[in-house]
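Visitor: got a predicted structure here, sequence first:
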Amino acid sequence: MIETWNLLLGGFGTALQPMNLMWAFVGCALGTAIGVLPGIGPALTVAMLLPVTAKVEPAGALIMLCGVYYGAAYGGSTTSILMNTPGESSSIMTALEGNAMAKHGRAGPALATAAIGSFIAGTIGVILLTLFAPLVADLALKFGPAEFFSLMVLAFVTVSSVLGSSMLRGMVSLALGLAIGLVGMDSIAGIPRYTAGVPELIDGIEFVLVAVGLFAVGEALYSVLYDPKGENTQRNKLTSVWMTKDDWKRSWPAWLRGTAIGFPFGSVPAGGAEIPTFLSYSAERKLSKFPREFSGEGGKGAIEGVAGPEAANNATAAGALVPLLTLGIPTSATAAILIAAFQNYNIQPGPLLFQTSGPLVWGLIASLYVGNVMLLVLNLPLVGMWARLLTIPKPQLYAGILVFASIGVYGMRQSAFDLVLMYVIGVIGVVMRRFDFPVAPVIVGMILGPMSEKQLRNALSIAQGDWLIFFKQPIACTFMVLTIAVMFIPIILRKRGVRLSEDD
Amino acid sequence: MQKRWQVGIATFILLLSIVFGVGASQMPSETGYAGIGAAFVPTVVTIFLAAVGALLMWQALSGGFRNFTDSVVGLAADNRGGLWVTGGILLMSLLITKAGFVVAATTLFVCVARGFGSKHTLRDAITGAALVFPVFWLFTLVLDVNLPRLFNDWL
């Protein structure tokens, strides 16, 4: 243990050199700036900035890229809260509550809780990474397709928390999302499904396009059709810029829970950042003392619903570095690109990394601590400025939102077809809003559907078609039992006359 | 009017389930070691769609969607505004390859602002361009994302 601290201290020696500090700052600033653009998530940001680092020496370059990684993960939350345009799947839950808060004049606290939550989760994540990396990596290796599939079944069940006021209409949205997720090339056998011969559809429908269409375009259209003067929202009235005492009290348990959910997910291969944010959101909703405030209940947006998922998202980002550094396994698209960056410098992440490039790795880990502080310092003062963006008059505000939305969608594939598709999905979004169909389950279905199909088919292939595999392996079985418990315990309790909360 | 819309939505979901069912039935039935093939999950989704579609239809026909209060009673849709926003997005998709990114995005900005009731078209055009230019430069010059240009490298 003492040896670890000495190595970490040595790492701080590297990270705190002025040049490396500057690279960390440049990385965080660039990552945040680009992460703010809708449609451009952390993976793309790191990939685009990879060539920029070519002229920098290895330690500086890797420190900068990690700054970009963290910055981009944070930047995405800003646009989700302010404009309802989630740029990557892990910001969907943030958009859901954060934008509801922004519309009711509380953009400041939403942004602040996201920034501080990211800092806390990131820091705890790095501490866990420092202490437990080898241990976590061992456990992570035990995860196979059967474990993932049962984990996703659990995620599906907890999705019920975003279903809104009617279970049936929520299910319709979920079914719609699952159906959209089927379009494109089948991931196991490579058979095109539901593409109707349109070549653009073989790659599937980008979830960013659907999210931006449903959230931003749908809302702009709905707003211009039914509320052009803005009488029904207080978007332009800023009630507070900073978090109140009550906001703090409600945020910190959510930050901690989000971190606890996010870190382990980041460290298992192929975990991804979506499921922990979904799970954290539903946990907050179940545990909240103010369930009526959640946007699904037509409330003003609950701060826990921003704090938890944002913390989970950033803890996942830190967790993803565990298998990356110790095993050389990328658990997300971003991590895969970071591996490419390592290899540029002839560094092979894996079990031997700590021996062969010890000083560099510890420098990197130390710079993560530094990067977290830097992000907070960089972003907290900006909260007031960002929040004031919403005081822009409605015509120009929505015009700006739609311009950004179309830039994001167009920038992905440079296809004008996508812009028309975005509009069509926006119209569907208006109908859904008009008839009170929740839009979040569409995205959830779109993301979880293809992921769980892949794991299901892989798991069954390995087990030669034996469906009991999900109950024969201990970890998978645990998740399945948990799923059954989550489904039936509320029903049993209600039958016995115990009321949990209004929406159970 | 309400009821017609609700029945329409339920019909749409049911039709979608038929389309997905037909698609699933045409997929190869090879299953490999897994015992399930490419058609398995599409079939499950089809059944799911059909089930929720049928329930929705039943609700629509028996007194309307449950737990649903129409939030816009008495508010007529502002169709002119809707047309401006629609026109803006479709114009952008048409203009972007013909007149370049900056012109297309600025047009979108002006149209949407107009749809929301702004009367200052010239001011909106200037604001829009001032917003679009820096983004355009960031994408094309720093990030190397190719956005359609007009005239030369700067526009």
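Guide: Looks like it arrived, so ask away.

Visitor: can you tell me the closest non-neighbouring residue to the residue of the stretch 151-300 of chain A found nearest chain B?
Guide: Taking CB to the nearest CB as the measure, the stretch 151-300 of chain A has residue A:224 as its residue closest to chain B, at 4.0 Å. Heads up, the C-betas are built off the backbone N, CA and C, glycines and all. Once flanking residues are discounted, residue A:224 sits nearest to residue B:81: 4.0 Å by CB to CB, 6 or more residues apart in numbering or on different chains.

Visitor: so that neighbour sits right up against residue B:117, yeah?
Guide: Yes - Residue B:81 lies in contact with residue B:117 (CB atoms under 8 Å); the separation is 7.2 Å.

Visitor: between these two, point out the one with more neighbours.
Guide: residue B:81 (22 against 17; other CB atoms under 10 Å in any protein chain shown).

Visitor: now do the contacts for the more buried one.
Guide: Taking CB atoms under 8 Å, 6 or more residues apart in numbering or on different chains as the contact definition, residue B:81 lies against A:224-225, A:228, B:115-117.

Visitor: go on, residue A:186?
Guide: By CB under 8 Å, 6+ apart, the neighbours of residue A:186 are A:192-193, B:38.

Visitor: can you report how many residues neighbour the closest residue to chain A within chain B?
Guide: Here chain B gets closest to chain A at one residue, residue B:35, 2.9 Å apart by CB to the nearest CB. Using other CB under 10 Å, residue B:35 has 15 neighbouring residues.

Visitor: how is the residue lying farthest from the centre of chain B assigned, secondary-structure-wise?
Guide: Here the centre of chain B is the reference, and by CA atoms, centre = their mean the most remote residue is residue B:33, at 39.2 Å. Per DSSP: H, G, I helix; E, B strand; the rest coil, the local secondary structure of residue B:33 is helix.

Visitor: which ones are touching it?
Guide: Contacts of residue B:33 by CB under 8 Å, 6+ apart are A:460-462, A:464-465.

Visitor: spatially, which two of those residues are the most separated?
Guide: A:462 and A:465 (9.9 Å; CB to CB).

Visitor: host element of residue 130?
Guide: Defaulting to chain A. Element membership for residue A:130, per DSSP states H and E: helix A:107-140.

Visitor: nope, chain B
Guide: helix B:121-137.

Visitor: mean confidence for the helix holding residue A:130?
Guide: The average of the pLDDT scores along helix A:107-140 is 85.

Visitor: next helix or strand past it?
Guide: Defined by DSSP H and E, the subsequent element after helix A:107-140 is helix A:145-158.

Visitor: if you look at that following helix, does any of it touch chain B?
Guide: No - using CB under 8 Å from any CB of the partner chain, helix A:145-158 never reaches chain B; the gap is at least 10.2 Å.

Visitor: please report how far the spatially closest residue to residue B:147 that is not a sequence neighbour lies from residue A:464.
Guide: If the residues on either side of it in the chain are set aside, residue B:147 comes closest to residue B:101, at 4.1 Å by CB to CB, 6+ apart. For residue B:101, the distance to residue A:464 (CB to CB, to the nearest Å) stands at 53 Å.

Visitor: neighbour-wise, which of the two wins?
Guide: Between residue B:101 and residue A:464, counted using other CB under 10 Å, the more crowded position is residue B:101 (27 against 10).

Visitor: ok, the more buried one to residue B:140 distance?
Guide: In terms of CB to CB, residue B:101 sits 8 Å off from residue B:140.

Visitor: anything in contact with each of those two?
Guide: Contacts common to residue B:101 and residue B:140, judged by CB under 8 Å, 6+ apart, are B:147, B:149.

Visitor: need the contact list for the closest residue to chain B within chain A.
Guide: Using CB to the nearest CB, the closest approach of chain A to chain B is made by residue A:465 at 2.9 Å. Residue A:465 is in contact with B:31, B:33-36, counting by CB under 8 Å, 6+ apart.

Visitor: widest-spaced pair of those?
Guide: It's B:33 and B:36 that sit farthest apart of the contacts of residue A:465, by CB to CB, at 10.1 Å.

Visitor: need the overlap of contacts for the two.
Guide: A:460, A:465.

Visitor: my guess is residue A:329 contacts residue A:323. True?
Guide: Yes - counting by CB under 8 Å, residue A:329 sits close enough to residue A:323 to count as a contact (4.4 Å).

Visitor: those two: which is more packed in?
Guide: Taking neighbours as other CB under 10 Å, residue A:329 and residue A:323 compare with residue A:323 leading, 26 against 21.

Visitor: mind listing what's buried along the longest helix belonging to chain B?
Guide: Using DSSP state H to define each element, chain B has its longest helix at helix B:2-25. Counting neighbours by 16 or more other CB atoms under 10 Å in any protein chain shown, one finds that the buried residues in helix B:2-25 are B:6, B:9-10, B:13-14, B:16-17, B:20-21, B:23-24.

Visitor: what mean pLDDT does it get?
Guide: Helix B:2-25 comes out at a mean pLDDT of 93.

Visitor: show me what the helix or strand of chain A with the lowest mean pLDDT is packed against.
Guide: Lowest by mean pLDDT, DSSP states H and E among the helices and strands of chain A is helix A:42-49, with a mean of 72. Applying 3 or more CB pairs under 8 Å, 6 or more residues apart in numbering or on different chains; DSSP states H and E, we find helix A:42-49 packed against helix A:18-35, helix A:58-83, helix A:333-344.

Visitor: in the second one, what's buried?
Guide: Yep, that's helix A:58-83 we're talking about. A:58-83.

Visitor: if we can go back for a sec, among the contacts of residue B:81, which one has the lowest pLDDT?
Guide: residue A:228 (64).
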